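Q: take this sequence and fold it.
(2 chains)
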Amino acid sequence: AQSVAQPEDQVNVAEGNPLTVKCTYSVSGNPYLFWYVQYPNRGLQFLLKYITGDNLVKGSYGFEAEFNKSQTSFHLKKPSALVSDSALYFCAVREPNNNDMRFGAGTRLTVKP
Amino acid sequence: KAGVTQTPRYLIKTRGQQVTLSCSPISGHRSVSWYQQTPGQGLQFLFEYFSETQRNKGNFPGRFSGRQFSNSRSEMNVSTLELGDSALYLCASRGTRAIFTDTQYFGPGTRLTVL
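A: Here you go, the predicted structure:
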C-alpha cells in the first residue's frame, strides 16, 4: 500500500528566504502526488499536483514542487517566503488504479518577519 | 463555482449520542470522501462514495457510516459517540469521472466535540 512521510514536524524560515517542505513517498508504480495547505480552523486547500510530465510543478501562491523519482521525493518549495505562508502543509499520494489517497502527518511552517 | 460546503460547522455532543454530518460537493462532482483529522492521528480516511455507492473504506469501526444521495450530497453518521471521536471531520469532492488523477477539493470541516 502507498505511504507518504513528511520528516519534519516544524519548519521555521525568515520572511524573504526560500522555503522547502519535504515529502517522501512509497508506492507500487508511478505515483500521483499532491500538496495541500491548511490554515487554522479551515479545510485543506489544494496547492499543486504531479501526475506525469515535467518534474517541476508550479502551483498556487508561488509554490512549486519537484518530483524526484530516484529519491522518491516531492518537496514543496517557494523562492521567497511570506508571513502569510505560515500554515500546516500536507503531502498526499495516490497509487495508479487506487482511489485511496494517503496523507502525510503534516508539517507546520512558520515564517517569521 | 461554489466550493464544498459542510454543515454544521461546529457540534457539541455527549457520549453515547449519535450525530449526522452533511456535505454538499462541488457542482458536478460525483465522488465524496470523508476524513477524520485529530492532532494525534493526523488525517485518516473514513470512506468514499461515488454515484451513491461506497467505493472505498478506511479502518474505522462500524459506528461510522455514510451514504450518498442521488444529487451527490453525502451524510456521515457516528453512533454511540466516544470521547475519542472528537475531531475535525473533513469532506472532499472530486471529478465528474473521479479518475485517479483527479484533485480532491475539501470543505471547511465540521468540528465535533464529544463531552
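Q: interface residues of chain A facing chain B?
A: A:32, A:34, A:36, A:41-46, A:49, A:51, A:90, A:94-106 (Cβ under 8 Å from any Cβ of the partner chain). In this view, the C-beta of every residue, glycine as well, is placed from N, C-alpha and C.
Q: next one: the spatially most central residue of chain B from chain A, what distance?
A: Nearest residue to the geometric centre of chain B (Cα atoms, centre = their mean): B:Trp34, 3.0 Å. As defined by Cβ to the nearest Cβ, to the nearest Å, B:Trp34 lies at a distance of 12 Å from chain A.
Q: what sits closest to that residue if chain neighbours are left out?
A: B:Leu46 (4.1 Å; Cβ to Cβ, 6 or more residues apart in numbering or on different chains).
Q: which helices and strands sit right next to whatever helix or strand the one you found lives in?
A: Applying DSSP states H and E as the criterion places B:Leu46 in strand B:42-50. On a contact count with 3 or more Cβ pairs under 8 Å, 6 or more residues apart in numbering or on different chains; DSSP states H and E, strand B:42-50 meets strand A:101-103, strand B:31-38, strand B:53-57, strand B:64-68.
Q: quick check: angle from it to strand B:64-68?
A: Using axes from the mean of the first three to the mean of the last three Cα atoms, to 10 degrees, the direction of strand B:42-50 lies 40 degrees away from that of strand B:64-68.
Q: residues of strand B:42-50 that come out buried?
A: Buried positions in strand B:42-50, judged by neighbour count with 16 or more other Cβ atoms under 10 Å in any protein chain shown: B:Leu43, B:Gln44, B:Phe45, B:Leu46, B:Phe47, B:Glu48, B:Tyr49, B:Phe50.
Q: tell me the one of the residues you listed nearest B:Leu112?
A: Checking the buried residues of strand B:42-50 against B:Leu112 by Cβ to Cβ gives B:Leu46 as the nearest, at 12.6 Å.
Q: hey, where'd the helices end up in chain A?
A: With DSSP state H, there are no helices along chain A.
Q: so how far is the worst-scoring helix or strand of it on mean pLDDT from its chain's centroid?
A: Across the helices and strands of chain A, mean confidence by mean pLDDT, DSSP states H and E is lowest for strand A:101-103: a mean of 90. Relative to its parent chain, strand A:101-103 has a centroid offset of 12 Å by Cα atoms, centre = their mean, to the nearest Å.
Q: now swap in stretch A:29-43 and tell me
A: Centroid separation for stretch A:29-43 versus its chain: 7 Å, with Cα atoms, centre = their mean.
Q: show the average pLDDT along it.
A: Across stretch A:29-43, pLDDT averages out at 91.
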